[in-house]
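Undergrad: no sequence for this one, just the structure:
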């Protein structure tokens, strides 16, 4: 993040302004990625008019960075109408997340004309058989790579996003080499998100400790391995008072149905823009303010954990694990893989796992039908 | 008499935070922030209003400053912003695709 953006983020934080919002335009998708957490059926997406109205409210609230994602955004027939409105009328800085398989020369030129800041494209492998086996769409890797070439030829910034899992563990270096060949950036994330209905079975696709350790010690990936994998210092007084992450502080997420959450990975409903003004939800929702109030010192186990000061703990993953003030085991596993030092949570689990009875994760309500719609369809 | 016209570049992203404009260049995503005076100029840059009129009606009305000095400062600022391609300048009116004022954001 540039120094100026850090400065503006601090200013937004001090003034309670949602500087950055991810808006999912649809959950429908033309791929069926094996690890995807979404329900792809349409449960009543916002209309073109509703989304334009929401964008106006967001602009008035001070939102500057708008990430349009899904599902697959290009499946919305009004996608370019919405993008044009967001860019030309409301002057958002717009970033896109897409699988890009519907982007050809014409779409790439339109994206350039509309001044999109970046396009993030999911690429799971450099090998068609591996990538296509994850998306479950034959030919999808070729189409995505073709799209990247079209976008690059228009001078657009492209980022390849790779999720590391059992199926593609051997291929992350190949993906990075492909990114270099195409002249684009690449990211790698070992985080698998539980399904939005609470089903955690997809987590079994996550890579194990041995693999994580190997990846985290890949110099080409992390740079200075000693620094990246250094044993952390315990959180100091400043860190104890610090914010867990930007979710609910300067960022939030809006679903295709108008539900507002602290983050796309934090499915704690705080309001719905079909019923309330976006800014009222942001400012006055009890739940948003509950999330906003949490400090590192409030976290069960984490506040005294040796990884406290450096942990990448995701409060949304912790919420999906059952307690937004608790640890996120996926992040504990990452810290352990980096440093070889188990977190307080992992140590506690080792003790309790011997005699524990498995408990079900809480049911999540990322798709919640509005009461009036429920009556109409009952 | 100066007859410089100024217009916001269509490729930028922009939002006003607490009275100060945050602008991202469409050319290379460089981020700029404008102080309150520059923000007034940028928001008034509709392509049709001469710079001297903007200075007289928007800046001199708001701040205690000599009109000639303010105009010189405004011209310098306009040329600098134009060098970063976040503002267009011309000696003729600059046609705009639409005439809407950019969303202000919260104060």
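TA: Received, thanks. Predicted, not measured: the structure shown is a model, and the values here were computed from it.
Undergrad: make it CA atoms for all contacts and neighbour counts henceforth
TA: Fine.
Undergrad: Can you pull out the residues in contact with stretch A:38-45?
TA: Stretch A:38-45 is contacted by residues A:25-29, A:71, A:195-196, A:256-258, A:367, A:369 when judged by C-alpha atoms under 8 Å, 6 or more residues apart in numbering or on different chains.
Undergrad: Quick check on these: which are buried?
TA: For these, a burial check counting by 16 or more other C-alpha atoms under 10 Å in any protein chain shown picks out A:25-29, A:71, A:195-196, A:256-258, A:367.
Undergrad: and those residues, which of them are in helices?
TA: Taking DSSP state H, every one of these sits outside helices.
Undergrad: could those go into TSV alongside distance to chain B?
TA: Below are those laid out as TSV (distance: C-alpha to the nearest C-alpha, whole Å):
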residue	distance to chain B
A:25	20
A:26	24
A:27	27
A:28	28
A:29	29
A:71	25
A:195	34
A:196	33
A:256	23
A:257	24
A:258	21
A:367	30
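Undergrad: I'd like those residues laid out as CSV, including pLDDT.
TA: Putting the buried ones among the contacts of stretch A:38-45 into CSV (pLDDT from 0 to 100) gives the following:
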residue, pLDDT
A:25, 98
A:26, 98
A:27, 96
A:28, 97
A:29, 97
A:71, 94
A:195, 86
A:196, 80
A:256, 97
A:257, 97
A:258, 97
A:367, 44
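Undergrad: ok so, going back, out of the contacts of stretch A:38-45, which two sit at the greatest distance?
TA: Maximum pairwise distance in the contacts of stretch A:38-45, criterion C-alpha to C-alpha, is 20.1 Å, between A:29 and A:369.
Undergrad: Give me the residue at the spatial middle of chain B.
TA: When chain B is reduced to its mean C-alpha position, the nearest residue by C-alpha atoms, centre = their mean turns out to be residue B:42, at 2.1 Å.
Undergrad: I'd like the next helix or strand past the longest helix that chain B contains.
TA: When chain B is parsed with DSSP H, its longest helix is helix B:67-83. Using DSSP states H and E, the helix or strand that follows helix B:67-83 in sequence is strand B:87-90.
Undergrad: Next, residue B:95: secondary structure please.
TA: The three-state label given to residue B:95 by DSSP: H, G, I helix; E, B strand; the rest coil is coil.
Undergrad: Against residue A:215, how distant is it?
TA: As judged by C-alpha to C-alpha, to the nearest Å, residue B:95 and residue A:215 stand 54 Å apart.
Undergrad: before we move on, what about residue A:309?
TA: Taken as C-alpha to C-alpha, the span from residue A:309 to residue A:215 is 22 Å.
Undergrad: so who does residue A:325 touch?
TA: Neighbouring residues of residue A:325 by C-alpha under 8 Å, 6+ apart: A:294, A:298-300, A:315, A:318-319.
Undergrad: should've said residue A:327
TA: Neighbour list for residue A:327: A:299-302, A:313, A:315, A:318, A:345 [criterion: C-alpha under 8 Å, 6+ apart].
Undergrad: What of residue A:282?
TA: Residue A:282 neighbours (C-alpha under 8 Å, 6+ apart): A:18, A:248, A:288.
Undergrad: how far is stretch A:272-285 from where the chain is centred?
TA: Stretch A:272-285 has its C-alpha centroid displaced from the chain centroid by 21 Å (C-alpha atoms, centre = their mean, to the nearest Å).
Undergrad: Please spell out which residues along that stretch are buried.
TA: With burial defined by 16+ other C-alpha under 10 Å, the residues of stretch A:272-285 counted as buried are A:272-274, A:278-279, A:281-282.
Undergrad: now stretch A:288-296
TA: Neighbour counts over stretch A:288-296 (16+ other C-alpha under 10 Å) mark A:288-289, A:291-292, A:294-296 as buried.
Undergrad: mind listing the strands in the stretch 151-300 of chain A by residue range?
TA: A:158-163, A:185-189, A:251-254, A:259-261, A:271-272 (DSSP state E, counting those that start in this stretch).
Undergrad: Which other helices and strands does the longest one contact?
TA: Yep, that's strand A:158-163 we're talking about. Applying 3 or more C-alpha pairs under 8 Å, 6 or more residues apart in numbering or on different chains; DSSP states H and E, one finds that strand A:158-163 contacts strand A:118-122, helix A:140-153, helix A:172-182, strand A:185-189.
Undergrad: Spatially nearest residue to residue B:30, not counting backbone neighbours?
TA: What sits nearest to residue B:30 in space, not counting adjacent residues and going by C-alpha to C-alpha, 6 or more residues apart in numbering or on different chains, is residue B:24, at 5.6 Å.
Undergrad: I figured that neighbour hits residue B:10, correct?
TA: No. At 11.3 Å, residue B:24 does not count as touching residue B:10 under the criterion of C-alpha atoms under 8 Å.
Undergrad: what does the stretch 1-150 of chain A put close to chain B?
TA: Proximity of the stretch 1-150 of chain A to chain B, by C-alpha under 8 Å from any C-alpha of the partner chain, involves residues A:4-5, A:12, A:17, A:59-64, A:87-93, A:114-115, A:117.
Undergrad: Any stretches of the chain with poor pLDDT?
TA: I went with chain A, as the question did not name one. For chain A, the stretches with pLDDT under 70 are A:1, A:234-242, A:244, A:352-378.
Undergrad: my bad, the chain I had in mind was chain B
TA: In chain B (pLDDT under 70), the answer is B:1-2, B:98-107.
Undergrad: which residues of it fall in helices?
TA: Using DSSP H, the helices of chain B run over B:36-44, B:51-54, B:67-83.
Undergrad: do the stretch 1-150 of chain A as well
TA: Ranges of helices within the stretch 1-150 of chain A are A:3-14, A:48-61, A:79-84, A:105-113, A:128-135, A:140-153, based on DSSP state H, counting those that start in this stretch.
Undergrad: Mean neighbour count for those - can I get that in a markdown table?
TA: Formatted as a markdown table, those follow (neighbours: other C-alpha atoms under 10 Å in any protein chain shown):
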| stretch | mean neighbour count |
| --- | --- |
| helix A:3-14 | 15 |
| helix A:48-61 | 19 |
| helix A:79-84 | 17 |
| helix A:105-113 | 17 |
| helix A:128-135 | 19 |
| helix A:140-153 | 20 |
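Undergrad: All set now, cheers.
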